[in-house]
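# Let me see the structure of the following:
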Amino acid sequence: MTDLDLDLDLDRIARAAEVIDPVFLNSPQYADERLCARLGRRVLVKPETLNPLRSFKGRGADFLVGGLPPGSTVVCGSSGGNFGQAVAYAARRHGLAADVFVPADASPVKTDRMTALGARVHRVAEPPKERAAAHAAADPGRVFVVDGRDAAIAEGAGTIGIELLRGEPFDTVVLPLGDGALITGVARWLKAHAPGVRVVGAASAAAPALAESWRSGEVRTVERRSAFAAGISITRPEPEAVCRTRALVDDVVLVEDAELVAAMHLAADTLGLLPEPAGAAGLAAIAARDIPGATVATVLTGANADLALFGGVWSTGPAAATA
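This is a model prediction of the structure:
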């Protein structure tokens, strides 16, 4: 570990565990015997889906937004949609307004929930983050927040690391790798309190921008060939995310769309939970890649699956994702 990770503060992660809306904290973590039998190994799962957002994103958004000045308007771009929901929820909780910019083809499931939470949703053709930045710059009362850049978001997600260490010991944790906030926040806590734990990122093979940036040590723009795993499908990571992952993440593996579908089926069959594709990335990596460790942990990070958009992929199983 190097000085690059030190902008994620351990005291602030501990503080986040005290001030984040309790509805997002202390999610269950356990080993399901049927899942372990199917995978042929000891696997701990932590579903971050049993909250009002059905996603872990509420932790970081609530911690960040709770520290903004009264009267602010929170502005963000949200390509996958879960962060936009989290910002909308946090803004409403703290009495602020929210403007969320999303792609023109964003999931109706997620955009409808943003609107229901009180956000103004803007569907745009160009990259949502760029439009959000321009919108925020036009008014000093607007605060532009960026998932993967702002330390408080990763620190809020780092509370998952605190909780993981309260349970059964594990040798490796495998976490979805998109913009990097989740894995770096969790890894920051684990590296300080359980340095022997290996931290592995599971990135979409169809959108490996942060994975390639992590390997090279430079910010890489990589056009995605599929947005199936929308929550982890970015084309260019934030420089801060590259620095943090380089300092804190031990390995990165890539998972294909068909492997994500298989992991969704596996979770539904054994856990009775239906994660969205990005939310199942860690489980997909454990099932399909050679992940070291006698006991491996993962987090199911989201369950805002829009089955209407998947069409025949879900009904016909994993093979359809490669068609």
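# Residues touching the helix or strand hosting residue 287, excluding its own?
Using DSSP states H and E, residue 287 sits within helix 281-288. Helix 281-288 is contacted by residues 39, 41, 43, 45, 174-177, 200, 202-204, 229, 232, 253, 255, 259-260, 262-263, 266-267, 275, 291, 296, 298-301 when judged by C-beta atoms under 8 Å, 6 or more residues apart in numbering. C-beta here means a position set from N, CA and C on the backbone, and glycine is covered the same way.
# Apply 6 Å and report the result again.
39, 174-176, 202, 253, 255, 259-260, 263, 296, 298 (C-beta atoms under 6 Å, 6 or more residues apart in numbering).
# Could you list which of those belong to helices?
In helices, defined here by DSSP state H, the members of the contacts of helix 281-288 are 39, 259-260, 263.
# Specify which member of those residues is nearest to residue 222.
The closest of the ones in helices among the contacts of helix 281-288 to residue 222 turns out to be residue 260 (C-beta to C-beta; 17.9 Å).
# what about the chain, any weak spots by pLDDT?
Along the chain, the parts satisfying pLDDT under 70 run over 1-5, 307-323.
# Show me it divided up by domain.
3-55+151-322, 57-144 (automatic domain parsing).
# could these go into CSV alongside mean neighbour count?
Formatted as CSV, the entries for these read as follows, by neighbours: other C-beta atoms under 10 Å:
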stretch, mean neighbour count
domain 3-55+151-322, 21
domain 57-144, 21
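# now could you export just the CA positions of the helix holding residue 287 as PDB?
Output in PDB follows, covering the C-alpha atoms of helix 281-288 (Å, rounded to 0.1, in the frame of the first residue of the first chain):
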ATOM      1  CA  ALA A 281     -20.200  -9.700 -10.800                       C
ATOM      2  CA  GLY A 282     -18.400 -10.900  -7.700                       C
ATOM      3  CA  LEU A 283     -20.300 -14.100  -7.600                       C
ATOM      4  CA  ALA A 284     -19.700 -14.600 -11.300                       C
ATOM      5  CA  ALA A 285     -16.000 -14.300 -10.800                       C
ATOM      6  CA  ILE A 286     -16.000 -16.800  -8.000                       C
ATOM      7  CA  ALA A 287     -18.000 -19.300 -10.100                       C
ATOM      8  CA  ALA A 288     -16.000 -18.900 -13.300                       C
END
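# let's number from 53 now, not from 1
All right, first residue 53 from here; so that's helix 333-340.
# and the gap between residue 211 and residue 83?
Distance of residue 211 to residue 83, computed by C-beta to C-beta, to the nearest Å: 21 Å.
# Run through the residues that contact residue 72.
By C-beta under 6 Å, 6+ apart, the neighbours of residue 72 are 111, 114-115.
# try 10 Å this time
Neighbouring residues of residue 72 by C-beta atoms under 10 Å, 6 or more residues apart in numbering: 110-115, 118, 142, 208, 211.
# Would you convert these into JSON lines that also reports secondary structure and distance to residue 241?
Shown next, in JSON lines, are the contacts of residue 72 (DSSP: H, G, I helix; E, B strand; the rest coil; distance: C-beta to C-beta, whole Å):
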{"residue": "110", "secondary structure": "helix", "distance to residue 241": "18"}
{"residue": "111", "secondary structure": "helix", "distance to residue 241": "12"}
{"residue": "112", "secondary structure": "helix", "distance to residue 241": "13"}
{"residue": "113", "secondary structure": "helix", "distance to residue 241": "18"}
{"residue": "114", "secondary structure": "helix", "distance to residue 241": "17"}
{"residue": "115", "secondary structure": "helix", "distance to residue 241": "14"}
{"residue": "118", "secondary structure": "coil", "distance to residue 241": "19"}
{"residue": "142", "secondary structure": "helix", "distance to residue 241": "21"}
{"residue": "208", "secondary structure": "helix", "distance to residue 241": "12"}
{"residue": "211", "secondary structure": "helix", "distance to residue 241": "8"}
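# between the contacts of helix 333-340, which is closest to residue 66?
For the contacts of helix 333-340, the nearest to residue 66 is residue 227 (19.9 Å; C-beta to C-beta).
# these two touch, right, the closest one and residue 332?
No. Contact between residue 227 and residue 332 fails when scored by C-beta atoms under 10 Å: they sit 11.9 Å apart.
# Out of the contacts of helix 333-340, the closest to residue 71 would be?
For the contacts of helix 333-340, the nearest to residue 71 is residue 227 (23.1 Å; C-beta to C-beta).
# I'd like the distance from stretch 170-184 to the chain centre, please.
19 Å (C-alpha atoms, centre = their mean, to the nearest Å).
# if I read this right, residue 181 contacts residue 136, doesn't it?
No. The pair residue 181 / residue 136 is not scored as a contact, 11.4 Å apart, by C-beta under 10 Å.
# and for these two, which residues touch both?
Common contacts of residue 181 and residue 136, defined by C-beta under 10 Å, 6+ apart, comprise 128-130, 153, 199.
# From those residues, which land in strands?
128-129, 153 (DSSP state E).
# Tell me who's in contact with residue 240.
Contacts for residue 240 were tallied using C-beta under 10 Å, 6+ apart; they are 53, 57-62, 64-65, 203, 206-207, 209-210, 213, 251, 296, 299-300.
# No more questions from me, cheers.
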